[in-house]
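A.B. asks: mind folding the following:
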Amino acid sequence: MLENNKITVKALNEMKELIYDKTLQKDIAEHNYKLGKKYFSYKVLERKLAKIFKL
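C.D. replies: Have a look, this model is predicted:
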C-alpha cells in the first residue's frame, strides 16, 4: 500500500476501505487461509519431509 515508503492518498483510501468494509475483511481472511492451507499445512510439510528423507 505504500509507494517509496510513503503513505499516499491512494494508500490511505485503501486502508480506510479495509478497516470499514467487513466483506472485504472476510474475503481477504479467506484468501489468506487458503494460501496458508495450500503452502503451510501439515500435509505439505509431510510431503516435503518425505522427499527430503526419501520415505
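
A.B. asks: spatially central residue for the protein, please.
C.D. replies: For the chain, the residue nearest the mean C-alpha position is residue 32 (3.7 Å; CA atoms, centre = their mean).

A.B. asks: report all helices and strands that the longest helix anywhere in the chain contacts.
C.D. replies: Longest helix of the chain, by residue count under DSSP state H: helix 22-40. Under the contact definition 3 or more CB pairs under 8 Å, 6 or more residues apart in numbering; DSSP states H and E, helix 22-40 sits against helix 9-20. From N, CA and C alone the C-beta is placed, and that goes for glycine too.

A.B. asks: so for the helix it packs on, what gets flagged as buried?
C.D. replies: Buried residues in helix 9-20, counting neighbours by 16 or more other CB atoms under 10 Å, are absent.

A.B. asks: ok, and what's touching it?
C.D. replies: Contacts with helix 9-20, where a contact means CB atoms under 8 Å, 6 or more residues apart in numbering, come from 1-3, 24-25, 28.

A.B. asks: farthest pair within the residues you listed?
C.D. replies: For the contacts of helix 9-20, the farthest-apart pair by CB to CB is 3 and 25; their separation is 23.1 Å.

A.B. asks: what about residue 50, how many neighbours?
C.D. replies: 10 (other CB atoms under 10 Å).

A.B. asks: and residue 21, what does it touch?
C.D. replies: For residue 21, no contacting residues are found, by CB under 8 Å, 6+ apart.

A.B. asks: just to revisit the earlier point, so between residue 3 and residue 25, which is more surrounded?
C.D. replies: Between residue 3 and residue 25, counted using other CB under 10 Å, the more crowded position is residue 25 (13 against 9).
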